[in-house]
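> sequence unknown, structure follows:
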């Protein structure tokens, strides 16, 4: 090119032509140009950008080729959380989903709700953000709140527009599923075999691995595609009034939308679509593991709202589990961070439900007895979608004479301490506690994990080496590690040792919810940890909280409440938490409203039983409101019961209350009691 002006003009023409052909080929599967001619246009564009780098814009077709490798992925916080979906497995689940929505929306049962039904692709969920009509970034789902920045890799997928047409919203976030079609997957594994590399297990793993390449040139060489299925952030409030209209408009903007989606009426329409797709499934060129139903009207979606991690207005209807036969090569046990001793069956590897399964948990002694499984047995293994594989049954006709009945260990294989069995063989725990290396290791691995404190570079092997080398005995010891200690471990050089020390130091200040989750309180997950942080504001308040106050909080039952109180009362746990503070671990306290003194609550010390159906509120709501007033809500009537609330069609509990001459009230009395 003779000058920049001429180059700029030609660059604009080439960019427009290439994006036009990309759209025809990848979105509509209707190319009108030969591959050779397309390549010639692209090479000309690359030559111009090589001579005039200033013409290489963020939305240039050259960005599809791939860029220089990244050192690591940055993180992106989602402006709106990327939630998961609740699951349904049978016809009754779909009817119940529809009934719940009628109730939530206050709609008469005879009114038929409209849904959008579409295949549930087995790929990787992604968020793609546009600003002023230009691709800005793309991120994985991650933990729903924070994902990995995979912008450079997503740009290489040719069916994704890098610039939107006029009329698109100024700020637009689309969400979809990136996948690899069967034909592309087969071709990729042929290339892997020719290069003497390990083949990919399934299309989903291949797609996920391709998107997590630090070198986007590798991603560009992989046959990836996408179907968009929803919006995240959008600046135009009048973009659409229904979900079906949303997808139609996204298609008009150039986004690939699954051609198989349909608008259906009521649960019968959902189930008819499910049956239709079940028949088509084996003929599709991509993996699906179920159907997703979404309420069509967006205003009704907003009214229905959300539960902790999923929308109430959507449901994933999973396909039946897949089953395969294999043999049990051995059974051993693993020791978890709470001391739970869990038996695991080591299987002859078998491909089922999209993955190769070689290990299956047997949960406990009771499960082993129920199945009657032995080493050497032929068993049926089931897996559906992302559900954990399980042994369904044993084929006794194929049991060899050499099969060996499994004997559960009486002592911990890690530390030799006695294994204590609770109940009918349901829970077995190592009694070693802090002297058990397995428990220490698992507790530290949980503490440093991404969803907890998130110490970069602290993998399982490093934790094992630190514990086995006697450098750490609990999580607080991490913060006193020195460069000199780490450099002496196998596999560490100066840079990697310093990086680890720096990474630990950078995670001294954390969010309170992360700190609570990282402590490994039994049955306290991310959502419960966040709720505790927002309710109590600091660790000191939690150290003195009562079971009754905790049970008054949403989604915290008696077992979780007891686990929390027991954890903070334990002197060893207190010592570790104090050591964390002494070694510089800190968090921002959260301002919260003062919690009432349990003794000042009007129903403090009262034991109340609910029986029968309530009309004006649900049993769970009634229980929470009674607990908030200080009451203990029990499931059975005894001499210690103070009051029984009798609803419609009450049964034996009402009779027993009369026999024991315990005070009873009806629903009106309950409403008065609740104020």
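That came through fine. No experiment lies behind these values; they were computed from the predicted model shown.
> buried stuff in the lengthiest helix in the chain?
Ranked by residue count, the top helix of the chain under DSSP state H comes out as helix 4-22. For helix 4-22, burial by neighbour count (16 or more other CB atoms under 10 Å) applies to 7, 11, 14, 15, 17, 18, 19, 21, 22. Any C-beta I mention is one placed from the backbone N, CA and C, and that applies to glycine too.
> now stretch 400-408
Neighbour counts over stretch 400-408 (16+ other CB under 10 Å) mark 403, 406, 408 as buried.
> the first one and residue 379 touch, don't they?
This means residue 403. No. Between residue 403 and residue 379 there is no contact under CB atoms under 8 Å: 11.4 Å.
> ok, then the element right after the strand or helix carrying residue 514?
In the assignment (DSSP states H and E), residue 514 maps to helix 512-518. Using DSSP H and E, the helix or strand that follows helix 512-518 in sequence is helix 526-536.
> same for that following helix, what does it pack against?
With contacts taken as 3 or more CB pairs under 8 Å, 6 or more residues apart in numbering; DSSP states H and E, helix 526-536 sits against helix 512-518.
> residues in contact with the helix it packs on: which ones?
Applying CB atoms under 8 Å, 6 or more residues apart in numbering, the external contacts of helix 512-518 come out as 446-449, 451-454, 475, 510, 524-526, 529-530, 532-534, 537-539, 542, 585, 587-590.
> in contact with the closest residue to residue 316 other than its chain neighbours, which residues?
Spatial nearest neighbour of residue 316, excluding adjacent residues (CB to CB, 6 or more residues apart in numbering): residue 85 at 4.2 Å. Neighbouring residues of residue 85 by CB under 8 Å, 6+ apart: 292, 310, 311, 314, 315, 316.
> turn those residues into CSV, including distance to residue 131 and neighbour count.
Listed next are those as CSV, based on distance: CB to CB, whole Å; neighbours: other CB atoms under 10 Å:
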residue, distance to residue 131, neighbour count
292, 28, 20
310, 28, 15
311, 26, 18
314, 27, 22
315, 32, 27
316, 31, 18
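> from the residues you listed, which has minimum pLDDT?
Lowest-confidence member of the contacts of residue 85: residue 310, scoring 84 (pLDDT).
> ok, it - contacts?
By CB under 8 Å, 6+ apart, residue 310 lies in contact with 83, 84, 85, 86.
> most surrounded residue in those?
residue 85 (18 neighbours; other CB atoms under 10 Å).
> for the stretch 351-500 of the chain, what spans make up the helices?
Here the stretch 351-500 of the chain has its helices, by DSSP state H, counting those that start in this stretch, at 365-371, 437-448, 460-468, 483-487, 494-506.
> could you pull out the strands for the stretch 151-300 of the chain?
Along the stretch 151-300 of the chain, counting by DSSP state E, counting those that start in this stretch, strands occupy 171-180, 224-234, 262-265, 288-295.
> which elements pack onto the last one?
Right, strand 288-295. If you count contacts as 3+ CB pairs under 8 Å, 6+ apart, strand 288-295 packs onto helix 91-105, strand 114-121, helix 266-280, helix 298-304, strand 314-318.
> low-scoring stretches of the stretch 151-300 of the chain, by residue?
Within the stretch 151-300 of the chain, no range satisfies pLDDT under 70.
> follow-up on the earlier one: show me which of the contacts of residue 310 is closest to residue 361.
Closest approach between the contacts of residue 310 and residue 361, by CB to CB: residue 84, at 22.0 Å.
> hang on, the earlier thing: of the contacts of helix 512-518, buried ones?
Counted by 16+ other CB under 10 Å, these give 446-448, 451-454, 475, 510, 524, 526, 529-530, 532-533, 537, 539, 542, 585, 587 as buried.
> what about the contacts of residue 310, which are in helices?
Within the contacts of residue 310, no residue falls in helices by DSSP H.
> closest to residue 358 among these?
Using CB to CB, the contacts of residue 310 come closest to residue 358 at residue 84, 26.5 Å.
> how about stretch 287-305: buried residues?
In stretch 287-305, counting by 16+ other CB under 10 Å, buried: 287-298, 300-301, 304.
> grab the longest strand from the chain for me.
Looking across the chain with DSSP state E, the single longest strand is strand 322-335.
> now that one: buried residues?
Using 16+ other CB under 10 Å as the test for burial, strand 322-335 gives 322, 326, 327, 328, 331, 333, 335.
> who are the neighbours in contact with the third one?
Put plainly, it is residue 327. Here residue 327 is in contact with 347, 348, 376, 377, 378, 379 (CB under 8 Å, 6+ apart).
> now it: how far from residue 407?
Distance, residue 327 to residue 407, using CB to CB, to the nearest Å: 20 Å.
> re the thing from before, go through the helices and strands packed on strand 288-295 and name the closest to residue 655.
Of all these, helix 91-105 comes closest under CB to CB, at 30.5 Å.
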